[in-house]
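Only the shape, not the letters, is given here:
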């Protein structure tokens, strides 16, 4: 097993365990915001982010813990933010859905579907104007492709030949709605209609394959300064927002979940789990302890930095 794969695995496991800790803490009401968990979607996040360079910038959605941690965001500040503490990344005001760490290229997330797509587009345009060899990456869910701004960004990125990668995490669901009841279009054909090359992976757990495809896509974008789209099939283990499994709601089946779970390396690769678990647990416990001891913002902070 390669060192590169082990590092991707460690990063994915780190995200999984951090989110499991969030799920454990959530019923206590210590976490002061709604949470959209990435459990089930960590492997491809680690594989995609792991191929980026310093200076590349990532923009994503409210389901952003995995991207934040994989890009190098500070775990202590993340937990403090979830706790609503002044030592959080946004002094406790942003919560789970708006994580950012611009110092490492995690430029931001938004609770509004597709809201960060034009931000990624703008970053890519700036890279081109400044003749930088960096790329911008937009990571959003399949629901974002139904928004008008998605097509506008595809068109403008292709027209201006911008170094932008659209990554679509396709878990087949937009809250409770299946993709077949929402979309009359084929994403591959849509991308090609705008002259944007399309890549896909039907196995979000295949970190090696996704990393190779991502590496090739990033190299091509840097060389040609033209956009690409990478669709990754994956599975959301938890409910849309919150920490429950919600199979009782009737909109998805446990049998489909079980097919994914049976292939999940973060469940079945006991050797690597045992190798890295204790070190990750220590990091997470330190982050939680940091959040527990951090102070809440004072009244004077209430209206600061609020637009």
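Nice, I can see it. Note that the structure is predicted; figures quoted are calculated from it, not measured.

can we go C-alpha only for contacts and neighbour counts from here?
OK.

Correct me if wrong: residue 82 contacts residue 29.
No. Between residue 82 and residue 29 there is no contact, the gap being 10.4 Å when judged by Cα atoms under 8 Å.

With neighbour numbers in mind, choose between those two.
Each of residue 82 and residue 29 has its neighbours counted (other Cα atoms under 10 Å); residue 82 has more, 28 against 9.

can you give me phi and psi for the more buried one?
Main-chain torsions, residue 82, degrees, to the nearest 10: phi -60, psi -30.

what about it, distance to residue 233?
Distance of residue 82 to residue 233, computed by Cα to Cα, to the nearest Å: 28 Å.

And for residue 278?
Residue 278 is 30 Å from residue 233, by Cα to Cα.

cool, and residue 42?
Distance of residue 42 to residue 233, computed by Cα to Cα: 12 Å.

neighbour count winner among those two?
Neighbours per residue (other Cα under 10 Å) separate residue 42 from residue 233, with residue 42 holding more: 30 against 18.

so what's that one up against?
Residue 42 makes contact with 12-13, 15-16, 66 under the criterion Cα atoms under 8 Å, 6 or more residues apart in numbering.

Out of the residues you listed, flag the one nearest to residue 37.
Of all those, residue 37 sits closest to residue 66, with 8.4 Å by Cα to Cα.

Would you agree the closest one falls within a helix?
Yes. Checked against DSSP: H, G, I helix; E, B strand; the rest coil, residue 66 lies within a helix.

What count of nearby residues applies to it?
Using other Cα under 10 Å, residue 66 has 26 other residues around it.

Over to residue 135?
28.

Equivalent analysis for the one 5 residues further on, please.
Each residue near residue 140 was counted by other Cα under 10 Å, and the total is 26.

Surely it and residue 61 touch.
Yes. Counting by Cα under 8 Å, residue 140 touches residue 61, with 5.6 Å between them.

who touches both of those two?
Counting by Cα under 8 Å, 6+ apart, the residues touching both residue 140 and residue 61 are residue 114.

what bits of the stretch 1-150 of the chain have low per-residue confidence?
1 (pLDDT under 70).

Repeat that for the stretch 151-300 of the chain.
Across the stretch 151-300 of the chain, not a single residue meets the criterion (pLDDT under 70).
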